[in-house]
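> turn this into a model:
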Amino acid sequence: METLYDWLTLAIFAGLIILFLQRSTAETPSDRMIQYAPPAIGCAVANYLGNHDQHAVAIVAIVAIVAYIWFVLKPLQHT
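Next up is the predicted model:
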């Protein structure tokens, strides 16, 4: 845990875990588990890229991860 990318991707991943746990305990879960794979893998990739001095690509990846979570998983949608 040395770089900004470490902390940022960990925070996104932690939020993703909380969202998954919250939704999986519902009586009728609306999400499929596979929907969480792209942002989870994306966090690892963005962290790797950022830690290997590919800052522009890492930032684009992080923005894409947040966009995916916002538009596909819809974290603020009340079910």
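> wait, what's in contact with the closest residue to Pro38 other than its chain neighbours?
Nearest residue to Pro38, sequence neighbours excluded (Cβ to Cβ, 6 or more residues apart in numbering): Tyr68, at 6.0 Å. Where C-beta positions appear, they are placed from N, C-alpha and C, glycine not excepted. Under the criterion of Cβ atoms under 8 Å, 6 or more residues apart in numbering, the neighbours of Tyr68 are Pro38, Pro39, Gly42.
> mind checking pLDDT for Tyr68?
On pLDDT, Tyr68 comes in at 98.
> separation between it and Gln35?
9 Å (Cβ to Cβ, to the nearest Å).
> which SSE is the residue nearest to Pro38 in?
Secondary structure from DSSP states H and E places Tyr68 in helix 55-68.
> in that helix, what's buried?
Buried residues in helix 55-68, counted by 16 or more other Cβ atoms under 10 Å: Ala58, Ala61, Ile62, Ile65.
> on the pLDDT front, check the third one for me.
On pLDDT, Ile62 comes in at 98.
> same question for the last one.
For Ile65, the pLDDT comes out at 98.
> so it is in contact with Ile41, correct?
No - if you go by Cβ atoms under 8 Å, Ile65 and Ile41 don't touch, sitting 9.4 Å apart.
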